[in-house]
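# sequence plus predicted model, see below.
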Amino acid sequence: FLGIAGTMFGAGSVLWWSTMHRVHHLFSDVAGDPHSPLLCGSSWSQRVRGWWHAYSGFLASPLEFDTGKYSADLLQDKTIMRLSSAALFWYCVGIVLPGVIAFAITLSWREFASGIIWGGLARIFWGRVASLTVQCFCHVWGTRPYRIPGGLDRARNNWLFVPGTLGMGWHNNHHAFPYTYSNCFSWWQFD
């Protein structure tokens, strides 16, 4: 279910985005990180270029990772491979399904189109904006309650990004403990 839902989100195949995420954690904020905002330099113009790269510029360049090296376990998982090979199908289902549901409820072609626009395309757009915003700004501004081993990972918690990202603003928590299911570690941290 989570693999299908993630693919419907529009981030690529399970294999691709899982591998990119693993590479990001392995090389966080050093050479090899696919979307760190901190690798272009420290002048104002270099920081702007770094933020743009982290926000969406990295998507314009080819992102090829050695899946055999970083995701050998996923390559052996038949379910992951089936989901990954059907990524375009699930992405299209994620766009069309809200329209189908709207039509089934209302029997209106107008609501079918509205479901595709708002439940499909707008949902993907705003979800991607939220995700890209976190990787762009939560490595630059915020608090670092946890120091990540190696000391080069600059992931930060920024409460300003928590509501619009459903908890992804607790980015330092996520980098410090990447295998936890939740990013909230205190009662007041919404996730």
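All right, it came through fine.
# tell me how far the residue sitting nearest the centre point of the chain lies from F161.
By C-alpha atoms, centre = their mean, the chain has its centre lying nearest to S131, at 4.7 Å. Look at S131 and F161: by C-beta to C-beta, to the nearest Å, they are 11 Å apart. For glycine as for every other residue, the C-beta is placed from the backbone atoms N, C-alpha and C.
# between these two, which contacts overlap?
Here S131 and F161 share the contacting residues M168, scored by C-beta atoms under 8 Å, 6 or more residues apart in numbering.
# output the contacting helices and strands for the helix or strand of the chain with the lowest mean pLDDT.
One helix or strand of the chain scores below all others by mean pLDDT, DSSP states H and E: helix 58-60, with a mean of 76. Of the remaining helices and strands, none touches helix 58-60 by 3 or more C-beta pairs under 8 Å, 6 or more residues apart in numbering; DSSP states H and E.
# buried sites along whatever helix or strand comes next after it?
Remark: after helix 58-60, the chain's next helix or strand is helix 67-70, criterion DSSP states H and E. Neighbour counts over helix 67-70 (16 or more other C-beta atoms under 10 Å) mark 67, 70 as buried.
# low-confidence stretches in this structure?
61-63 (pLDDT under 70).
# same thing but at 80, please
For the chain, the stretches with pLDDT under 80 are 57, 59-64, 149-151.
# in it, which spans are helices?
According to DSSP state H, the chain carries its helices in the segments 2-8, 14-26, 44-52, 58-60, 67-70, 72-75, 78-85, 87-106, 109-114, 123-137, 162-165, 171-176.
# nearest to F190, out of those?
Nearest to F190, of all the helices of the chain, is helix 162-165, at 5.8 Å by C-beta to C-beta.
# would you mind measuring from the closest residue to P98 other than its chain neighbours to W52?
Leaving aside its sequence neighbours, P98 sits nearest to G119 (C-beta to C-beta, 6 or more residues apart in numbering; 2.5 Å). Taking C-beta to C-beta as the measure, G119 and W52 are separated by 29 Å.
# likewise for S85?
32 Å.
# equivalent analysis for Y146, please.
Y146 is 28 Å from W52, by C-beta to C-beta.
# can you check A122 too?
23 Å.
# same deal with G68?
In this view, G68 and W52 are 31 Å apart by C-beta to C-beta.
# cool, F89 as well?
32 Å.
# more neighbours: which of these two?
W52 (15 against 12; other C-beta atoms under 10 Å).
# from Q46, how far off is that one?
Taking C-beta to C-beta, one finds W52 at 11 Å from Q46.
# who's in contact with H24?
33-36, 135.
# check N158 too.
137-138, 141-143, 169, 171.
# go again using 7 Å as the cut-off
Residues counted as contacts of N158 (C-beta atoms under 7 Å, 6 or more residues apart in numbering) are 137-138, 141-142, 169.
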